[in-house]
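Asks: Fold the following, please.
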Amino acid sequence: MTERLELRIETALSSGAATERADDLLAEGYAQALKLDSERLALERRITALAARADDPVTAQELRRAWLRHRTLGRELGDLRALLRRLKELV
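Replies: I've put the predicted structure just below:
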């Protein structure tokens, strides 16, 4: 979903979208950013719990997957926030 939203925002930025369309995209973008941030925080709690048992190979593998997802979410969130800042300038 984030990729489609980012594409729509980029299209709006390149075309200088009407203010009401930009407002809708901003609202949707902020909602998506909150969702990503919430997922990231939940993963941080999960990572903390897994780290306490990282000596178990299965847990260590799960910890690695959680950490990679956390890193990916951070990147997606940063990219989305940057686009939202640019879009906000249109409004």
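
Asks: For the rest of this, base every contact and every neighbour count on C-alpha atoms.
Replies: Fine.

Asks: for this structure, where's the lowest mean pLDDT among helices and strands?
Replies: helix 2-15 (a mean of 89; mean pLDDT, DSSP states H and E).

Asks: Identify each buried residue in it, please.
Replies: Residues of helix 2-15 classed as buried: Glu6, Ile9, Glu10, Ala12, Leu13 (neighbour count, 16 or more other CA atoms under 10 Å).

Asks: Name the nearest residue to the first one, ignoring sequence neighbours.
Replies: Right, Glu6. Leu80 (6.7 Å; CA to CA, 6 or more residues apart in numbering).

Asks: The residue most central in space within the chain and Arg71: what is the separation?
Replies: Centroid-nearest residue in the chain: Leu77, 3.1 Å away (criterion: CA atoms, centre = their mean). Counting by CA to CA, to the nearest Å, the gap from Leu77 to Arg71 is 10 Å.

Asks: after the strand or helix carrying Leu36 comes which helix or strand?
Replies: Per DSSP states H and E: Leu36 is located in helix 19-51. Per DSSP H and E, the first helix or strand lying C-terminal to helix 19-51 is helix 57-88.

Asks: buried set for that next one?
Replies: Applying 16+ other CA under 10 Å to helix 57-88 flags 59-60, 62-64, 66-67, 70, 73, 76-77, 80-81, 83-84, 87 as buried.

Asks: avg pLDDT for that helix?
Replies: Here helix 57-88 scores 96 as its mean pLDDT.

Asks: Show me what that helix is packed up against.
Replies: helix 2-15, helix 19-51 (3 or more CA pairs under 8 Å, 6 or more residues apart in numbering; DSSP states H and E).

Asks: And the contacts of the shortest one?
Replies: For helix 2-15, the external contacting residues (CA atoms under 8 Å, 6 or more residues apart in numbering) are Ala22, Leu25, Gly29, Gln32, Glu76, Leu80, Leu83, Leu84, Arg86, Leu87, Leu90.
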